[in-house]
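# What shape does this take:
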Amino acid sequence: MHFVKHLRTLSIRSGLLERTIPFQARYLQTDAAQKIKPMKYKYPPMYDPYGPRPPPSEKITQLAESIVALTSEERAQIGPALRASLNHPKLEKISTEGLDLGAQGAGGTPQAEEAKVEKTAFDVKLEKFDAASKIKVIKEVRALTDLGLKEAKALVEKAPAVVKQGVTKEEAAAIIEKIKAAGGVAVME
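Here you go, the predicted model:
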């Protein structure tokens, strides 16, 4: 569609003064839009911001062919051999302690396993509950957490949810037993 601009004068009377100011109006012209066709642009098949690159040298081509000809065991030795000859430092593993990695973090390092053994504060998490004993579970959660009825009900309904944080192992076991007696299933994390 095509818009046409027109300038008109607009008279404004305020009190004794009369002013004339330019006023801009736009009108839609459908016939002009039908006459003009949009421009068609030709895009390159592949955009390279750095420009064309020269082909690799004969030496690099021979090196690539010799690497392809190696067995997988020999290819695995290329990285350590280059690191030793170029005097690069050995890459250390990044500590993932404290990060939630889900299924990837199942096989931890020995330091992470020691940290798990030394854990003294535990969280009690309500996994699920029996629908018939929902009211009993809400009352028990209310008694354990000092929450109001509305907050305790919301906490139970969004199960799995953490009920109590930072308790000792004995207190966590007692809380789990109380929730189990009320009809819910809780776990210690």
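# Next, the buried residues of the longest helix along the chain.
Identified as the longest helix of the chain according to DSSP state H is helix 169-182. Residues 172, 175-176, 178-179, 182 are the ones in helix 169-182 that count as buried (16 or more other C-beta atoms under 10 Å). Using the backbone N, CA and C atoms, a C-beta is placed for each residue, glycine as well.
# just stretch 153-168 next, same as before
153, 155-156, 159, 163-164, 167.
# re earlier: contacts for the longest helix of the chain?
Contact partners of helix 169-182, identified using C-beta atoms under 8 Å, 6 or more residues apart in numbering, comprise 120, 122-124, 126, 133, 136-137, 139-141, 144, 163-164, 167, 185-188.
# Any quick PyMOL command for the buried ones out of these?
Those of those that count as buried under 16+ other C-beta under 10 Å are selected in PyMOL with:
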select buried, resi 122+124+126+136+137+140+141+144+163+164+167+185+186
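# Next, check the contacts of helix 169-182 against the strands and list the overlap.
Counting by DSSP state E, the contacts of helix 169-182 place 122-124, 126, 163-164, 167, 185-188 in strands.
# from those residues, which is closest to Arg53?
Asp123 (55.2 Å; C-beta to C-beta).
# would you list every one of the strands in the protein?
For the chain, applying DSSP E gives strands covering 2-14, 17-29, 122-129, 161-167, 184-188.
# Would you single out the least confident of those?
Within these, confidence is poorest for strand 2-14, with a mean of 50 (mean pLDDT).
# thinking again about what came up before, please identify which of the ones in strands among the contacts of helix 169-182 is nearest to Thr71.
Val187 (48.0 Å).
# Looks like that closest one contacts Lys125 (just checking).
Yes: using C-beta atoms under 8 Å, Val187 is in contact with Lys125, at 5.3 Å.
# coming back round to it: restrict the longest helix of the chain to CA atoms and write it as PDB.
What follows is helix 169-182, C-alpha atoms only, in PDB (Å, rounded to 0.1, in the frame of the first residue of the first chain):
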ATOM      1  CA  LYS A 169      19.100 -37.300  59.900                       C
ATOM      2  CA  GLU A 170      17.200 -38.400  63.000                       C
ATOM      3  CA  GLU A 171      14.700 -35.600  62.800                       C
ATOM      4  CA  ALA A 172      14.200 -36.300  59.000                       C
ATOM      5  CA  ALA A 173      13.500 -40.000  59.800                       C
ATOM      6  CA  ALA A 174      10.900 -39.000  62.400                       C
ATOM      7  CA  ILE A 175       9.200 -36.600  60.000                       C
ATOM      8  CA  ILE A 176       9.100 -39.300  57.300                       C
ATOM      9  CA  GLU A 177       7.500 -41.700  59.700                       C
ATOM     10  CA  LYS A 178       4.800 -39.100  60.700                       C
ATOM     11  CA  ILE A 179       4.000 -38.400  57.100                       C
ATOM     12  CA  LYS A 180       3.900 -42.100  56.300                       C
ATOM     13  CA  ALA A 181       1.500 -42.700  59.200                       C
ATOM     14  CA  ALA A 182      -0.800 -39.900  57.900                       C
END
